[in-house]
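Student: missing the sequence, but the structure's below:
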């Protein structure tokens, strides 16, 4: 059926016309062919049927049968009007055309055939009876009326169907244009992100190069202080952490510049458990100062994966830092490591879980996109998780996140397991 509003307006106009015709029948009370007050009651009934049809169109806008039933009922009423305005000789048989036009505009082909057959039958019943006189002229008259009714229904339906096809085609073109517009906006947004990432890359290369000197100075002072006699044991441990963190940054910066120049891929085997433990060792004192309890849940076995040890440590450091920021008032962070079977093969699975509020639902699906962050007002850039996932994908795996029903986020890193023995990364 056509749009709900169009059908409702059409039937309302039909009801208005029945009101006008009923008024005209009342004014024509001196016509000897009109039977009063029967014909006035019949026009009132016809108006009621039209109002019922209007209600049915609004109540069931996607169903054809309610309007078809109302249309056939209106044909029965019109047959009664014919019988009380001259019978076979009544000119009011043309009243069939109005609901027939409405049906042709609103109904599909099969329903319209039944409606047209109902109009023909109601008109033909006036020619059946004890007082009916049949002849060539009567048969011809009935055939002409039937032909007019079917021709009116058919021609109107053809025009309406053509309009519906055009409307559907225009709607399809409008939807296609909307999709193209959406794709264009997505492409422009992606190009903008790529430009920002390119700028970040150029700036990062320069910053990475310039970091070499201050990192060397930091390591030099830390090592010099460690060699002094009489140092407190805890202070010496702090100096070792500083030296280890600076060494990690040096290695990360050197490898980043090397990969930017050559584009080489990592082929070394890395112990994923060792990478997780190194990241925890760098973060443990900070986590404890924030009242965050660390839990380890490591399955038995070796977890050898392809990659670079410092890059995988950086992934764990980012995930640990995100978990800590999600628990500003303290909580529990759990690091799990296990193996699992996937359709792509055997995978090492590392999980970092927190007891924070979880990732907001509106951000969850695009959390790994560049420049998307939940902490834009507190220094978040939206690049850390994006870079972590890129690292995971370069190693043949992936990084994903979901919220636990009881609260907290779970970041899952999956990487292909290797069976070869672990060797040092280069």
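Tutor: Looks like it came in fine. Since the model is a prediction, treat every value here as computed from it, not as a measurement. Numbering: from 1, shown residues only.

Student: please compute how far stretch 334-354 lies from its chain's middle.
Tutor: Offset of stretch 334-354 from its chain centre (CA atoms, centre = their mean, to the nearest Å): 29 Å.

Student: actually stretch 181-193, not the one I typed
Tutor: Distance, centroid of stretch 181-193 to centroid of chain: 18 Å (CA atoms, centre = their mean).

Student: ditto for stretch 65-79
Tutor: Distance of stretch 65-79 from its chain centroid, counting by CA atoms, centre = their mean, is 42 Å.

Student: mean confidence score for it?
Tutor: The average of the pLDDT scores along stretch 65-79 is 83.

Student: stretch 120-128 now?
Tutor: Averaged across stretch 120-128, pLDDT comes to 81.

Student: try stretch 39-49
Tutor: On average, stretch 39-49 scores 82.

Student: element containing residue 167, please.
Tutor: Using DSSP states H and E, residue 167 maps to helix 136-226.

Student: residue contacts, residue 284?
Tutor: Taking CB atoms under 8 Å, 6 or more residues apart in numbering as the criterion, residue 284 is in contact with residue 294. Just so you know, the C-beta spots here come from the backbone N, C-alpha and C atoms, and that holds for glycine as well.

Student: would you check how far apart it and residue 348 are?
Tutor: Relative to residue 348, residue 284 is positioned 22 Å away (CB to CB, to the nearest Å).

Student: got it, and residue 281?
Tutor: Distance from residue 281 to residue 348, by CB to CB: 20 Å.

Student: in terms of neighbours, single out the busier of those two.
Tutor: residue 348 (23 against 14; other CB atoms under 10 Å).

Student: which SS class is that one?
Tutor: strand (DSSP: H, G, I helix; E, B strand; the rest coil).

Student: show me the beta-bridge partners of it.
Tutor: As for beta bridges, residue 348 partners with residue 339, residue 415 under DSSP bridges.

Student: per-residue pLDDT of it, please?
Tutor: Note on residue 348: pLDDT of 93.

Student: quick one: the helices in the stretch 301-426 of the chain, in order.
Tutor: Counting by DSSP state H, counting those that start in this stretch, residue ranges of the helices within the stretch 301-426 of the chain are 309-325, 361-364, 384-394.

Student: who's in contact with the residue most central in space within the chain?
Tutor: Geometric centre of the chain, nearest residue: residue 365, 11.6 Å, by CA atoms, centre = their mean. Applying CB under 8 Å, 6+ apart to residue 365 gives no contacts.

Student: and the gap between it and residue 238?
Tutor: 41 Å.

Student: tell me, how many residues neighbour residue 372?
Tutor: 18.

Student: again with residue 47
Tutor: By other CB under 10 Å, the residues close to residue 47 number 20.

Student: next up, the contacts around the residue nearest to residue 75 when sequence neighbours are not counted.
Tutor: Once flanking residues are discounted, residue 75 sits nearest to residue 122: 4.4 Å by CB to CB, 6 or more residues apart in numbering. Applying CB under 8 Å, 6+ apart to residue 122 gives the contacts 75-76, 78-79, 96.

Student: what about 7 Å?
Tutor: 75-76, 78-79 (CB atoms under 7 Å, 6 or more residues apart in numbering).

Student: part of a strand, is it?
Tutor: No. Applying three-state DSSP, one finds residue 122 to be helix, outside a strand.

Student: can you pull the domain assignment for this structure?
Tutor: Domain assignment for the chain by automatic domain parsing gives 4-132, 266-416.

Student: weakest of those domains by average pLDDT?
Tutor: domain 4-132 (a mean of 75).

Student: roughly how far out does it sit from the chain middle?
Tutor: With CA atoms, centre = their mean, you get 46 Å for domain 4-132.

Student: same deal with stretch 236-248?
Tutor: Using CA atoms, centre = their mean, the offset of stretch 236-248 from its chain centre is 49 Å.

Student: in it, what counts as buried?
Tutor: 238-239, 241-243, 245-246, 248 (16 or more other CB atoms under 10 Å).

Student: quickly find the element holding residue 103.
Tutor: Using DSSP H and E, residue 103 sits in helix 97-106.

Student: so what does that helix touch, helix or strand wise?
Tutor: Contact partners of helix 97-106 among helices and strands, from 3 or more CB pairs under 7 Å, 6 or more residues apart in numbering; DSSP states H and E: helix 4-27, helix 65-83, helix 109-124, helix 136-226.

Student: count the neighbours of the closest residue to residue 278 other than its chain neighbours for me.
Tutor: Counting by CB to CB, 6+ apart, residue 313 is the residue found nearest to residue 278 once chain neighbours are left out, at 5.1 Å. Counted with other CB under 10 Å, residues neighbouring residue 313 total 23.

Student: what do you get for residue 186?
Tutor: Using other CB under 10 Å, the number of residues around residue 186 comes to 10.

Student: what does stretch 345-359 rub up against?
Tutor: Contact partners of stretch 345-359, identified using CB under 7 Å, 6+ apart, comprise 272, 276, 303, 305, 319-320, 323, 326-327, 331-340, 367, 374, 397, 401, 403, 407-417.

Student: phi, psi for residue 35 please.
Tutor: Dihedral pair for residue 35: phi -100, psi 120, per degrees, to the nearest 10.

Student: does it touch residue 84 like I think?
Tutor: Yes. Using CB atoms under 7 Å as the test, residue 35 is close enough to residue 84 to be in contact (3.9 Å).

Student: okay, the two: which has more neighbours?
Tutor: Shown here are residue 35 and residue 84; by other CB under 10 Å, residue 84 has more neighbours (19 against 15).

Student: list the contacts for the more buried one?
Tutor: Neighbours of residue 84 in contact, by CB under 7 Å, 6+ apart: 34-35, 38-39, 42.
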